[in-house]
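Asks: Provide a 3D model corresponding to the input given below.
(one chain, ligands or ions: 1)
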Amino acid sequence: MTAGTALPFAETLEAVRALVPTKLRNPRIGIVCGSGLSGLAESFRETVLVPYEKLPGFAKSTVPGHKSSLAFGLTGKGEGVSVVAMLGRFHPYEGHAFPTVVYPIRIMARLGVKNIIITNAAGSLNPNIPVGTIVVIQDHLALPNLTCMNPLLGPSTSPEHPRFLPLSDAYSPALRRLLFLSAHHLALDRSALTEGTYAWVGGPTYETPAEGRLLRLAGADVVGMSTVPEVVVAREEGLNIMVMSLVTNFVVIPDRYRSIREEVEAELAGNPIQLEQAQVVSHEEVLEVGREKAELMKKLVESVVERIPTVPELQ
Ligand SMILES: O=P(O)(O)O[C@@H]1C[C@H](O)[C@@H](CO)O1
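Replies: Here you go, the predicted model:
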């Protein structure tokens, strides 16, 4: 789908009606599972998996660590809370146009979702935020949005949506509060969870040291290739949003560049310099940290989901 194409909402919702039992098909809470985090839906009960290929308007996720299904189910104690999770998302770098990237968010909103928990894997730009930390996002820095690559470019999807959307209040304080309360009740070490700003880049290349330095200087704590288009559209749809970034790697920002001139001069002077092995990030490393932290992310998400029905402003 491209900007301006009519979106097949009615067909997608009809497919959901045909495949998902009544009890599960109008969830109030949505979850987006980031790279390596599809396990967030593993503890759902009465789960119904709907492959994206059965949903008109949905693409297929092509990134390792992203499955391609919507999971409908119940979570929490007693009767449980009805939830829907995207097992796998779409990134612009896969070649998907923005309307496709954000289509599942628009569908969740039309199914009745009011609160959305978006997760991702991200690189740390902040020396005080080590690998394995979960960062709850308080703000974002989106260079693509500032340079005419905004998911809301094009005709408005609905006359009810504002043309000029404020984003100064995008990240729900009430949901973030629930996350810190959950961390407390789970007796999590204070260092396991922190707050920060997410920088969205297009990818699929990881950052050069100069790019990492720029983002750090601009105030970002973590960087990733997803999430912001979903946040923008979720906000347009009027959802309460919480974003959890799992730090899977450090962005390589050396204090000083390796100087080839110095190396050559030292070698010629008979004192060759012993170099440290350069660090390079890989998607395998990203997925590995996702596996290590999957259980913790799952417990936190479950605990937040369970508490949402107790907060009047999130209903
Ligand atoms: O979908 P997310 O943002 O969790 O995935 C991150 C960003 C890239 O897609 C990939 C890079 O390793 O992981």
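Asks: so the residue in the stretch 51-200 of the chain that the ligand sits nearest to is in which element?
Replies: At 3.6 Å from the ligand, Asn120 is the closest residue in the stretch 51-200 of the chain, using C-beta to the nearest ligand atom. The way it works is simple: take the backbone N, C-alpha and C, and place the C-beta from them, glycine included. When elements are defined using DSSP states H and E, Asn120 is found to belong to strand 115-124.
Asks: Provide the secondary structure category for Ile253.
Replies: Of the three states, Ile253 takes coil according to DSSP: H, G, I helix; E, B strand; the rest coil.
Asks: Get me the contact residues on the protein for the ligand.
Replies: Within the chain, the positions near the ligand by C-beta under 6 Å from any ligand atom are 34-35, 63, 89, 91, 120-121, 203, 224-226, 283, 286.
Asks: if you set the cut-off to 8 Å instead, what comes out?
Replies: 34-37, 63, 65-66, 89, 91, 93, 119-122, 203-204, 206, 224-227, 246, 248, 281-283, 286-287 (C-beta under 8 Å from any ligand atom).
Asks: What's the mean pLDDT across whichever strand or helix holds Ala18?
Replies: Using DSSP H and E, Ala18 sits within helix 9-19. Average pLDDT, helix 9-19: 98.
Asks: In it, which of the residues would be classed as buried?
Replies: By neighbour count on 16 or more other C-beta atoms under 10 Å, the buried set for helix 9-19 is Phe9, Thr12, Leu13, Ala15, Val16, Leu19.
Asks: Just give me how far that helix sits from the chain centre.
Replies: 25 Å (C-alpha atoms, centre = their mean, to the nearest Å).
Asks: picking up where we left off before, okay, and which of the residues of the chain next to the ligand map to strands?
Replies: Judged by DSSP state E, the residues of the chain next to the ligand include Thr119, Asn120, Ala121, Ala122, Gly224, Leu246, Thr248 as members of strands.
Asks: What are the buried residues along the longest helix along the chain?
Replies: Looking across the chain with DSSP state H, the single longest helix is helix 283-307. Applying a neighbour-count criterion of 16+ other C-beta under 10 Å, the buried positions in helix 283-307 are 283, 286-287, 289-290, 293-294, 296-307.
Asks: ditto for stretch 218-238
Replies: By neighbour count with 16+ other C-beta under 10 Å, stretch 218-238 contains the buried residues 220-237.
Asks: quick check: angle from the strand holding Asn120 to helix 283-307?
Replies: Following axes from the mean of the first three to the mean of the last three C-alpha atoms, to 10 degrees, one obtains 150 degrees for the angle between strand 115-124 and helix 283-307.
Asks: who does strand 115-124 pair up with?
Replies: Paired strands of strand 115-124, with direction, are strand 29-33 (parallel), strand 222-224 (antiparallel), strand 240-250 (parallel) (DSSP bridges).
Asks: if we can go back for a sec, contact partners for the residue of the stretch 51-200 of the chain closest to the ligand?
Replies: Neighbour list for Asn120: Gly34, Ser35, Leu37, Tyr198, Gly224, Ser226, Thr227, Val243, Met244, Ser245, Leu246 [criterion: C-beta atoms under 8 Å, 6 or more residues apart in numbering].
Asks: how about 10 Å then?
Replies: Going by C-beta atoms under 10 Å, 6 or more residues apart in numbering, Asn120 touches 32-35, 37, 89, 135, 137, 198, 200, 222, 224-228, 230, 243-246, 248, 290.
Asks: give me the number of residues near the closest residue in space to it that isn't next to it in sequence?
Replies: Nearest residue to Asn120 in three dimensions, chain neighbours excluded: Gly34, at 3.7 Å (C-beta to C-beta, 6 or more residues apart in numbering). Number of residues near Gly34 (other C-beta atoms under 10 Å) recorded here: 28.
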